[in-house]
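Student: the amino acid sequence is not available; the structure is as follows:
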DNA sequence: AGATACTTGACTATTTTAGTCGGGTTTATA
DNA sequence: TATAAACCCGACTAAAATAGTCAAGTATCT
Ligand code: FES
Ligand code: FES
């Protein structure tokens, strides 16, 4: 905190956009699941081996996916996970939201007139981040798990 | 690192997309600079006060912007920074690139057949991240500093 | 000379990430 | 009914990144 002519800088504590391995893994794992999602549930162990993702980490991720009702679990031997909806109805936005990687560029409340950094007016770049957010979410809202699986099958042909 | 049936998980150390305060500040500061960029250079102290960004941090950011020839410095009293190009020619991509916040979703080499996580084949979601990268950079390539300033003036009217 | 402003580089508290670990519970099947 | 395969849950942690801070300059105007 720097003090300058009676001015105090309150550090802005806001990570304003993230998309990291957790989200990437979630999508990878779900594509894998969707591909092998015939009759039997798919175990995390299989996904872990096929995709090279730590089993323990996958468990954390799937706990979140289950809470958001994207997957369903089947316990016991021969258990695993199955999709809880049609692959076409699972959009990337849903997945990212479930694992806390929602794309959110502005932290300031939309309704309130207040800006970020506590000022009484929106900052110079507020509009930009707002547009960016729409731009990205637009992409994620359109893409479904089904699209990804199909995209993948094509590639293989 | 978990060992499982002779399998070793090498942790994937890749942050695959970032856009944080540093980039946000860089853009804010440059919009401010562009607005007040008449004849005289604009001092970081002024930007700091107007935008509520730590002066010390701004100095770090502007050092990078100068290295990439986005701004020019004028030393001494009444000194400060001026834009090194027309505001119309400074795209957001250039700004983010300068402060190391380039949007880069895939780490695997494009030419090589190898995928991320060291596998010999591209992962299930490679295409997706590739598309996403284009989608976002498309947005940033189009937006110039000039657009932002104009956008801002309109709002004020 | 003094003040203003840029320049450089090292340092650091805090937070986030990408896991790990240990102990459960549930259920199919041998 | 014993066992093993799978999910379930919460706590823990090393390493990295973030958002700065701080100190000691140098250049230039008045
Ligand atoms: S982002 Fe909304 S005011 Fe700064
Ligand atoms: S992102 Fe290119 S192979 Fe995984």
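Tutor: Here it is on my side, so go on. The model shown is predicted, which means the values in this text are computed figures rather than measured ones. Ligands and ions are numbered 1, 2, ... in the order given.

Student: from here on, just use CA atoms for contacts and neighbour counts.
Tutor: Will do.

Student: for DNA strand C, what's its nearest residue on chain A.
Tutor: Closest approach of chain A to DNA strand C (Cα to the nearest atom of the strand) occurs at residue A:76, with a separation of 3.3 Å.

Student: so that residue, which state does it fall into?
Tutor: Here residue A:76 is recorded as coil under DSSP: H, G, I helix; E, B strand; the rest coil.

Student: model confidence for it, exactly?
Tutor: Looking at residue A:76, its pLDDT is 96.

Student: so what's the residue count around it?
Tutor: Close neighbours of residue A:76, defined as other Cα atoms under 10 Å in any protein chain shown, add up to 7.

Student: what parts of chain A come near ligand 1?
Tutor: Within chain A, the positions adjacent to ligand 1 are A:106, A:108, A:115-116, A:122-123, A:126 by Cα under 6 Å from any ligand atom.

Student: list just the nearest of these to residue A:39.
Tutor: Each of those was scored against residue A:39 by Cα to Cα, and residue A:106 proved nearest at 42.6 Å.

Student: local confidence estimate at that closest one?
Tutor: If you check residue A:106, the pLDDT there is 81.

Student: contact partners for the most centrally placed residue in chain A?
Tutor: Centroid-nearest residue in chain A: residue A:96, 1.3 Å away (criterion: Cα atoms, centre = their mean). Residues counted as contacts of residue A:96 (Cα atoms under 8 Å, 6 or more residues apart in numbering or on different chains) are A:23, A:26, A:102-103.

Student: out of the residues you listed, which sit inside helices?
Tutor: Members of the contacts of residue A:96 lying in helices (criterion: DSSP state H): A:23, A:26.

Student: which residues sit against the lengthiest helix in chain A?
Tutor: What stands out as the longest helix in chain A, according to DSSP H, is helix A:126-142. Helix A:126-142 is touched from outside by A:91-93, A:103-106, B:132, B:135-136, B:139, B:148, with contacts defined as Cα under 8 Å, 6+ apart.

Student: in terms of pLDDT, where does the residue nearest to residue A:30 when sequence neighbours are not counted sit?
Tutor: Nearest non-adjacent residue to residue A:30, counting by Cα to Cα, 6 or more residues apart in numbering or on different chains: residue A:145, 7.6 Å away. Residue A:145 is assigned 97 on the pLDDT scale.

Student: got a list of what residue A:145 touches?
Tutor: Neighbour list for residue A:145: A:30-31, A:34, A:87-92 [criterion: Cα under 8 Å, 6+ apart].

Student: list buried residues within those.
Tutor: Buried subset of the contacts of residue A:145 (neighbour count, 16 or more other Cα atoms under 10 Å in any protein chain shown): A:30-31, A:34, A:87, A:90-92.

Student: which among the residues you listed gets closest to chain B?
Tutor: Nearest to chain B, judged by Cα to the nearest Cα, of the buried ones among the contacts of residue A:145 is residue A:31 at 7.3 Å.

Student: name the helices or strands packed onto the helix or strand harbouring the closest one?
Tutor: In this structure, residue A:31 is located in helix A:21-35 according to DSSP states H and E. On a contact count with 3 or more Cα pairs under 8 Å, 6 or more residues apart in numbering or on different chains; DSSP states H and E, helix A:21-35 meets helix A:44-51, helix A:55-67, strand A:80-83, helix A:92-98, helix A:145-156.

Student: report the rounded mean pLDDT for it.
Tutor: 96.

Student: now that helix and helix A:44-51, what's the angle there?
Tutor: 100 degrees (axes from the mean of the first three to the mean of the last three Cα atoms, to 10 degrees).

Student: just want the angle from helix A:21-35 to helix A:55-67.
Tutor: Going by the same axes, to 10 degrees, helix A:21-35 is angled at 70 degrees with respect to helix A:55-67.

Student: check whether helix A:21-35 comes near DNA strand C.
Tutor: Yes: interface with DNA strand C: helix A:21-35 contributes A:21-22 (Cα under 7 Å from any atom of the strand).

Student: which outside residues touch that helix?
Tutor: Contact with helix A:21-35 is made by A:42, A:47, A:51, A:53, A:58, A:61-62, A:81-83, A:87, A:92, A:95-96, A:99, A:101, A:145-146, A:148-149, B:12, B:14-16, B:124-125, as judged by Cα under 8 Å, 6+ apart.

Student: let's have the buried ones among the contacts of residue A:145 in a markdown table, adding distance to residue A:153.
Tutor: As requested, those are arranged in a markdown table below (distance: Cα to Cα, whole Å):
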| residue | distance to residue A:153 |
| --- | --- |
| A:30 | 15 |
| A:31 | 11 |
| A:34 | 12 |
| A:87 | 14 |
| A:90 | 18 |
| A:91 | 18 |
| A:92 | 18 |
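
Student: number of nearby residues for residue A:67?
Tutor: Neighbour count of residue A:67, defined by other Cα under 10 Å: 12.

Student: quick one: it from residue B:28, how far?
Tutor: 38 Å (Cα to Cα, to the nearest Å).
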